[in-house]
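[1] Okay, here's the prediction I keep looking at, along with the sequence it came from:
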2 protein chains.
Amino acid sequence: MARTEISEYGEFGLIKHLTEGIKPMQPSTKKGIGDDCAVMDFGTKKVLMTTDMLLEGIHFNLEYVPLKHLGYKAAVVNFSDIYAMNGTPTQITVSLGISKRFSVEDIEALYSGIRLACERYGVDLVGGDTCASMTGLTISITCLGTAAAKDIVYRNGAKLNDLICVSGNLGTAYMGLQLLERERLANAEQPDFAGKEYLLERQLKPEARRDILESLRKAGVKPTAMLDVSDGLSSELLHICTQSGVGCCVYEDKLPIDYEAAALAEEMNLNIVTCALNGGEDYELLFTCSLDDYEKLIPVDDLYIIGHITKPEYGCNLIGRNGEELPLKAQGWNAFQS
Amino acid sequence: MARTEISEYGEFGLIKHLTEGIKPMQPSTKKGIGDDCAVMDFGTKKVLMTTDMLLEGIHFNLEYVPLKHLGYKAAVVNFSDIYAMNGTPTQITVSLGISKRFSVEDIEALYSGIRLACERYGVDLVGGDTCASMTGLTISITCLGTAAAKDIVYRNGAKLNDLICVSGNLGTAYMGLQLLERERLANAEQPDFAGKEYLLERQLKPEARRDILESLRKAGVKPTAMLDVSDGLSSELLHICTQSGVGCCVYEDKLPIDYEAAALAEEMNLNIVTCALNGGEDYELLFTCSLDDYEKLIPVDDLYIIGHITKPEYGCNLIGRNGEELPLKAQGWNAFQS
């Protein structure tokens, strides 16, 4: 039998390959695979559903990630997927695979983080599965959410001349990870995080940008396409452009960069723009909206217009500080690669 | 910091411990933790949600479980949880953690089993997450289902004098596993499964008993309490009795036992009644219903009345062939035990 290595496909390629040709059969299924969430219709409101799996050694390293933070993050990244559809997260189930290395206190700490996230975001933990594992810790969370049909924002609605906006800042979570890795390798008795607490927080305890959705609602702006930045800006912009059948143009000097992150990048000889484009795990909202909404966007706090949607033949490009055009590439993150 | 071993709690104890005091906040949450499924209300129908995680080396051994069967089973056990609430499964999400040992063809085989199960049961695969793992294969599936509010059957509705019924037969999946293990240890070039195909099928490719629910609907019987037998009859009966605040009495000579399973048990020096009580993975439906439904139950195919509900002070007992009373114990399956 032929053997194709999973690394040849990569994460997205494999999912696409495996789910090709799957067609919904249930009348209640309004949207299946291909966005942040599935969408179901069971009555007056649409139900959104999303799921995320975190594996020890791949997604987290317990040498520097406290279990409570890990639980918090595992829940929040799911909420972020629901917000990225302009929905409200309502319920989660939590499945854990736990090796003998872990004590009850360890799992309590993990759960306390999950529960804290649920409390803060008003989400119910409604079930799950807890089982032994041979090695390490596995966390799989599924989240449901609701939205009125007219409010849901997919990835495929970006139109020519739409503005491209992003919340918060980019590359910061990645710099937090670099910092943790550096201190781990330095193996110092007391890691030196002074003045860099914000970077750590972005990596260890990200928040979902519910506040941005509220601001947009108040401002009367409905995005035309939206997702959350989990794999890096380049990769997410390519998702929007591919699914909307458009091109895009974003400007290097418009990318929101945190100054602590920039300082650390310089210290570590990293290009902060590359980190912003490909770093991932920022969980900021990236969306497009009509040019007509420009005036309404200006007063919205912590939101940045970074470019605009173009014709598809233009492609997806970054305009550098000197006006040079650089095609965006989905470097993303491919843990299947050896 | 104190260290309590997870084995001291066991599977159910740990879940109970971790979820103690969690209260639903969303008005749409009608039932959270504590049954086969969570129940949500989003409009005209109730939405059911359940999740199951399978880990290599704990729940399956790929030395003798074909990946396609594994995928089929991983989906069906979730459907079984929805049927056990008297609902209809409608959507699943599938999360996979995959080590480098696996090829694309391997994962295709796994997915083909999942997709076959979805087709047979009319369920939509609506999303998921696929990621690399350091070791082995992890499968986490979450299933949604729907039911009219008046149709949902919980675990806590059993009443004094209710009949206790079970579908199919018990202990057969466990004997299938014993057979697979025996042949694996014998390490013969060609394992000897002749005449025992049914046992293998029960272990490797179980079905969810949708047919029984249809029969009950036609017969005009609505169970008062129900669940699916995943951890063994004893453990499941104790769930019903604890949550309903009743006792029970089941009869050894009424337990439905498959003759192939009984023959193999004798051959392997195992007590088939113990296997039926504690074996697990049969995915049969166990339910209680009013004594008034007795006449309606008789014509239902593949359904067996094995006992009745008693006052709580009687406890939960098995009446042996010689009239002796044996208290039921949740031996279940505790993979956390060393």
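    On my side now, so go ahead. Numbering: from 1, shown residues only, chains lettered A, B, ... in the order given.
[2] pLDDT on stretch A:20-34, on average?
    Averaged across stretch A:20-34, the pLDDT comes to 70.
[3] swap in stretch A:114-133?
    For stretch A:114-133, the per-residue pLDDT averages 86.
[4] Is that stretch in proximity to chain B?
    Yes: using CB under 8 Å from any CB of the partner chain, stretch A:114-133 reaches chain B at A:115, A:122-133. Just so you know, the C-beta spots here come from the backbone N, C-alpha and C atoms, and that holds for glycine as well.
[5] Output that stretch as PDB, nothing but the C-alphas.
    The C-alpha coordinates for stretch A:114-133 follow below in PDB (Å, rounded to 0.1, in the frame of the first residue of the first chain):
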ATOM      1  CA  ILE A 114     -11.300  26.300  32.600                       C
ATOM      2  CA  ARG A 115     -13.900  27.200  35.100                       C
ATOM      3  CA  LEU A 116     -12.500  30.700  35.500                       C
ATOM      4  CA  ALA A 117     -12.700  31.200  31.800                       C
ATOM      5  CA  CYS A 118     -16.200  30.000  31.700                       C
ATOM      6  CA  GLU A 119     -17.200  32.300  34.500                       C
ATOM      7  CA  ARG A 120     -15.600  35.400  32.900                       C
ATOM      8  CA  TYR A 121     -17.200  34.700  29.600                       C
ATOM      9  CA  GLY A 122     -20.600  33.400  30.900                       C
ATOM     10  CA  VAL A 123     -20.200  30.000  29.300                       C
ATOM     11  CA  ASP A 124     -21.600  26.700  30.800                       C
ATOM     12  CA  LEU A 125     -19.400  23.600  31.100                       C
ATOM     13  CA  VAL A 126     -22.000  21.000  30.300                       C
ATOM     14  CA  GLY A 127     -20.100  17.700  30.000                       C
ATOM     15  CA  GLY A 128     -17.000  15.800  28.900                       C
ATOM     16  CA  ASP A 129     -15.000  12.700  29.200                       C
ATOM     17  CA  THR A 130     -12.000  12.100  31.400                       C
ATOM     18  CA  CYS A 131      -9.700   9.100  30.800                       C
ATOM     19  CA  ALA A 132      -6.300   7.800  31.400                       C
ATOM     20  CA  SER A 133      -3.600   8.300  28.800                       C
END
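[6] one step back: tell me which two of the residues of stretch A:114-133 next to chain B sit farthest apart.
    Greatest spacing in the residues of stretch A:114-133 next to chain B, by CB to CB: A:Gly122 and A:Ala132 (32.1 Å).
[7] In terms of neighbours, single out the busier of the two.
    Legend: neighbour count by other CB atoms under 10 Å in any protein chain shown for A:Gly122 and A:Ala132, higher for A:Ala132 (22 against 13).
[8] And the residue nearest to the spatial centre of chain A, how close does it get to chain B?
    The residue lying closest to the centre of chain A (CA atoms, centre = their mean) is A:Ser230, at 2.5 Å. A:Ser230 is 11 Å from chain B, where distance means CB to the nearest CB, to the nearest Å.
[9] Tell me the confidence at the closest residue to chain B within chain A?
    In chain A, the residue that lies nearest chain B is A:Gly43 (1.5 Å; CB to the nearest CB). On pLDDT, A:Gly43 comes in at 74.
[10] what's the neighbour count on it?
    Neighbour number of A:Gly43 under other CB under 10 Å is 15.
[11] List buried residues within the residues of stretch A:114-133 next to chain B.
    For the residues of stretch A:114-133 next to chain B, a burial check counting by 16 or more other CB atoms under 10 Å in any protein chain shown picks out A:Arg115, A:Val123, A:Asp124, A:Leu125, A:Val126, A:Gly127, A:Gly128, A:Asp129, A:Thr130, A:Cys131, A:Ala132, A:Ser133.
[12] Need the three-state assignment for the residue nearest to the centre of chain A.
    coil (DSSP: H, G, I helix; E, B strand; the rest coil).
[13] pretty sure it is touching A:Gly279, no?
    No: assessed by CB atoms under 8 Å, A:Ser230 is found out of contact with A:Gly279, at 10.5 Å.
[14] Enumerate the positions of stretch A:138-156 that are buried.
    Burial within stretch A:138-156, assessed by neighbour count using 16+ other CB under 10 Å, is assigned to A:138-147, A:151-156.
[15] What about the residues you listed, which are in strands?
    Judged by DSSP state E, the subset of these located in strands is A:Thr138, A:Ile139, A:Ser140, A:Ile141, A:Thr142, A:Cys143, A:Leu144, A:Gly145, A:Thr146, A:Ala147.
[16] out of those, who's near chain B?
    Answer for those near chain B (CB under 8 Å from any CB): A:Thr138, A:Ser140, A:Thr142, A:Leu144, A:Thr146.
[17] returning to what we had before: which ones among the residues of stretch A:114-133 next to chain B map onto strands?
    Going by DSSP E, the strands hold A:Asp124, A:Leu125, A:Val126, A:Gly127, A:Gly128, A:Asp129, A:Thr130, A:Cys131, A:Ala132 from the residues of stretch A:114-133 next to chain B.
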